[in-house]
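Student: Could you look at this predicted model? Sequence included:
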Amino acid sequence: MSLRKYISILLLPLLAGVVTVGGVFTYFTWSHQLRRSTEQTLLASVTSAATAQSSLSASEDAGLGVGVRLFRVTNIEDGWQIYTLFGAEPSIEEVDQLGQTLSGSADVQWNSDRGWVTASAPVSGESSQWMLAQSPIAVVHSRQNGAIGAIVFVGSLLLGLLTLASWYVFRRITQPIHQLKISAMALAAGDYEHHVSVEGPTELSALGNTLNVLRTCLQDQLQGIQEQSAARDLVYGEYECCQLLQDRMVDAPIASHTGDSFRLKGLRLRSGTYVKGLLLDIIDDSACKELHIYEATEFGVKGIYDLLRADLEQQRCPHVHVRIDGNYGADIESDGLPPPLVWSSGSKCFLEAHQSHYATQPGDYIILANSAFAELLAESGNLHRWFEKVLRNFAESGLDSVSSMLNHELVFLANRKHLECDVQLVCIRLHKESTPQIL
């Protein structure tokens, strides 16, 4: 229900009821005052006339009004003697009826049957004489009817004035509300430049100012969201570009490797935010069997770009070098990256290095990781224990099983801790044939 209908249903009947009750109360109060005034006027007239011994001038000065008659009656042996001082003379029958109600003191009687209001008072010094004044009840009723018309007119005028005042108050309230509605719809439509201006009661003006504050806050938040979205798009675009470069720098060399000295599997757990690029270089021929991993010193495309254009021999960036000799032994050098882990499938334990040389055998595993993996596992216990539970149970099943289980463990580990950078692992398994093979 609209505010207009609500006010019309609630306020107008209330105003009409108040005006009606006020009119009825005024009518009855005024009628009572009119009766009392009529009685007091008549009593004053008869009392004055009785005291002044019935002079005509006295009755004229009393101001009795239209239709009033003033007369004196004397009780004699055979009836009543009537002496009219003012107005029409009453009949003997009327005097006979009045004589039955006369008393020794002033009195007023309303005789609705004959239509008169009669005031009587004994004449001073005379025990058998009374002065009487009568006024037609119709005159009183006429005045009452006139009062009803006046009350109805004044009540109607008052109701009209109250209705106009209510309409003015209603407009003073609803017009600012309508303006606030238009402003709110403009805000909902995305018009954050629309200034809310409300002229009205203090509370509605304060509400308009609140909408202006809301508009400003929404505008700032929208601008912040747009800036964040643009920055996110930029970061996401750079991240996807880094993924494509990593496919070329790590996954492509592994996929294109055709040597038979060892097998390779690459694992990558994406963070969705940052990448610190890796460069994988594989040399597998009869003269040299080597694997080199270099890591960028900065995140993103810039780090990858610097890594690709740098002189890797001259610039000391984080790296791992793995060289496999003809007896399956492995010489491993690490600088700036987590030390590689070498697992012996025969003894089911990790091998210790002797001056960077590992006495590896066919079927053994070498696991290389980037720096993000070391940060992820920094609070998760010993690296050896983390890899051991997978290698001890799945090393004999082959490189595919080991890499699959390591990937599951990585996902489980990442779910417990937020990844800030991509995690990358390279798993190497020496081939069991007399000539090592890359898988």
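Tutor: Thanks, I have it.
Student: nearest residue to Leu264 other than its sequence neighbours?
Tutor: Ile254 (4.7 Å; Cβ to Cβ, 6 or more residues apart in numbering). Quick note: C-beta positions are derived from backbone N, CA and C, even for glycine.
Student: Pick out the residue nearest the middle of this protein.
Tutor: The centroid of the chain falls nearest to Leu214 when counting by Cα atoms, centre = their mean (11.1 Å).
Student: Pretty sure Leu187 is one of the things that residue touches, is it not?
Tutor: Yes - contact criterion Cβ atoms under 8 Å: Leu214 and Leu187 qualify, at 7.2 Å.
Student: returning to what we had before: so the residue nearest to the centre of the chain is in which element?
Tutor: helix 202-246 (DSSP states H and E).
Student: Any buried residues in the helix or strand where Lys389 lies, and which?
Tutor: Per DSSP H and E: Lys389 is located in helix 383-394. Neighbour counts over helix 383-394 (16 or more other Cβ atoms under 10 Å) mark Leu383, Trp386, Phe387, Glu388, Val390, Leu391, Phe394 as buried.
Student: Can you give me the separation between the fourth one and Asp400?
Tutor: Using Cβ to Cβ, to the nearest Å, one gets 19 Å for the distance from Glu388 to Asp400.
Student: so after the helix holding Leu214, what's the next helix or strand?
Tutor: Counting by DSSP H and E, the element after helix 202-246 in chain order, helix or strand, is helix 252-256.
Student: So for that next one, mean pLDDT?
Tutor: The pLDDT scores in helix 252-256 average 90.
Student: ditto for stretch 264-281
Tutor: Across stretch 264-281, pLDDT averages out at 88.
Student: end to end, how far does it reach?
Tutor: Start-to-end span of stretch 264-281 (Cα to Cα, to the nearest Å) is 12 Å.
Student: quick one: low-confidence parts of this protein?
Tutor: Scanning the chain for pLDDT under 70 picks out 1-8, 52-65, 200, 286-288, 312-315, 378-382, 432-439.
Student: what angle separates the lengthiest helix in it from helix 202-246?
Tutor: Longest among the helix segments of the chain by residue count, using DSSP state H, is helix 137-188. Relative orientation of helix 137-188 versus helix 202-246 (axes from the mean of the first three to the mean of the last three Cα atoms, to 10 degrees): 20 degrees.
Student: And helix 137-188, how far out from the chain middle?
Tutor: Helix 137-188 sits 35 Å away from the centroid of its parent chain (Cα atoms, centre = their mean, to the nearest Å).
Student: Please apply the same query to stretch 335-354.
Tutor: Centroid displacement of stretch 335-354 relative to its chain, using Cα atoms, centre = their mean, is 62 Å.
Student: Give me the contacts around that stretch.
Tutor: For stretch 335-354, the external contacting residues (Cβ atoms under 8 Å, 6 or more residues apart in numbering) are 293, 295, 316-320, 322, 330, 332, 334, 358-361, 363-371, 373-374, 383-384, 387-388, 391-392, 395-396.
Student: are any of the residues you listed buried, and which?
Tutor: Buried among the contacts of stretch 335-354 (16+ other Cβ under 10 Å): 293, 295, 317-320, 322, 330, 332, 334, 358, 360-361, 363-371, 373, 383, 387-388, 391, 395.
Student: Which of the residues you listed fall in strands?
Tutor: The strands, defined by DSSP state E, take in 293, 295, 319-320, 322, 330, 332, 334, 358, 365-369 from the buried ones among the contacts of stretch 335-354.
Student: Make TSV out of those and add distance to Gln109.
Tutor: Output for those, formatted as TSV (distance: Cβ to Cβ, whole Å):
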residue	distance to Gln109
Ile293	131
Glu295	126
His319	133
Val320	133
Val322	137
Ala330	141
Ile332	138
Ser334	133
Tyr358	140
Tyr365	133
Ile366	135
Ile367	129
Leu368	130
Ala369	125
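Student: so which strand or helix has Gly259?
Tutor: Using DSSP H and E, Gly259 sits in no helix or strand.
Student: Next: Leu42.
Tutor: Going by DSSP H and E, Leu42 is part of helix 3-51.
Student: what packs against that helix?
Tutor: helix 56-61, strand 69-76, strand 107-111, strand 116-122, strand 129-136, helix 137-188 (3 or more Cβ pairs under 8 Å, 6 or more residues apart in numbering; DSSP states H and E).
Student: mind redoing it with 10 Å?
Tutor: Contacts defined by 3 or more Cβ pairs under 10 Å, 6 or more residues apart in numbering; DSSP states H and E place helix 3-51 against helix 56-61, strand 69-76, strand 79-86, strand 107-111, strand 116-122, strand 129-136, helix 137-188.
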